[in-house]
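S.K.: Would you be able to build a 3D model of this:
(one chain, ligands or ions: 1)
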Amino acid sequence: MADERLIVALDFHRMEDVRHLVETLGDSVAYYKVGMELFYSVGGEVVRWLREQGKHVFLDLKLHDIPNTVAGGLCSLMHLGADILNVHASGGFTMMQTAAQKLHDAADAAGIPCPKLIAITVLTSMGQEDWSQLGQTHTIPDTVVRFAKLTKQAGLDGVVASPQEAAMIRQACGKDFLIVTPGVRPAGASVDDQSRIATPAAALANGATHLVIGRPIRAAKDPRGAALAILKEMETVK
Ligand SMILES: O=C(O)c1cc(=O)[nH]c(=O)n1[C@@H]1O[C@H](COP(=O)(O)O)[C@@H](O)[C@H]1O
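M.R.: Alright, predicted model coming up:
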């Protein structure tokens, strides 16, 4: 059985590239992330297709708007059948609480399972320089933990954060909270535009429940070999 802690990011804009990668990875990968590049290009069809292949889907559209608009957007997306949806925690407590409540109510009314709802804390591409330019006075880790606690209080299921903050979030938010970490790079891999990174094993050891990995697999000469090597490293941390 595939390790469902690995979520492979499908940052493509063509459905044929998606089909090719999913077929290449085969049974080794059970969870995929559909982000804005793919969704804006092909729409909800890709979520339905992945579900038909028996895959889990994290639909990563990072909603950020006033409470009523975000809640409405999530309720529309709910019908596509993704397992996880997300919003930006910086939209605030009221936005997150309204979104979570309305999503649960809509799922109950439709008689379908409610997708997990998680919140982005501070993007993993954000380094100290970008952060200071925004005029932020607290450190990135302090802000991530503050956002994670607010996310939990608002009734969401977890957060997206960097693997470097996972241990602090686990301590602050308890054992059942989802901690989804992008910014994961095998030792020696290209960092690309990520900033706060860790290896797959370190991310899991820090308390991440899921690792989102894109280019280290998607852009590898042998994507299946790259995924298998990452899965082997992940096996060392149960
Ligand atoms: O929400 C996300 O998935 C996300 C949040 C974040 O803080 N950082 C981040 O990289 N991501 C996504 O995770 C994926 C990481 O891809 P790679 O950098 O190629 O491994 C991309 O699809 C990003 O959109």
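S.K.: quick one: the strand ranked longest in the chain to chain centroid distance?
M.R.: Taking DSSP state E as the criterion, the chain has its longest strand at strand 56-63. From the chain centre to the centre of strand 56-63 is a distance of 7 Å (CA atoms, centre = their mean, to the nearest Å).
S.K.: What residues of that strand count as buried?
M.R.: His56, Val57, Phe58, Leu59, Asp60, Leu61, Leu63 (16 or more other CB atoms under 10 Å). Quick note: C-beta positions are derived from backbone N, CA and C, even for glycine.
S.K.: Stretch 163-174 now?
M.R.: Buried, per 16+ other CB under 10 Å, within stretch 163-174: Pro163, Gln164, Glu165, Ala166, Ala167, Met168, Ile169, Arg170, Cys173.
S.K.: Show me which of those residues is closest to Pro115.
M.R.: Cys173 (19.4 Å; CB to CB).
S.K.: How about that closest one: what's its closest non-neighbour residue?
M.R.: Using CB to CB, 6 or more residues apart in numbering and skipping the chain neighbours, the partner closest in space to Cys173 is Lys152 (4.9 Å).
S.K.: And for that neighbour, the neighbour number?
M.R.: Lys152 is flanked by 20 other residues according to other CB atoms under 10 Å.
S.K.: now do Gly127
M.R.: 12.
S.K.: so how far is Ser162 from it?
M.R.: As judged by CB to CB, to the nearest Å, Gly127 and Ser162 stand 10 Å apart.
S.K.: overlap in contacts of the two?
M.R.: Common neighbours of Gly127 and Ser162 (criterion: CB atoms under 8 Å, 6 or more residues apart in numbering): Ser195, Arg196.
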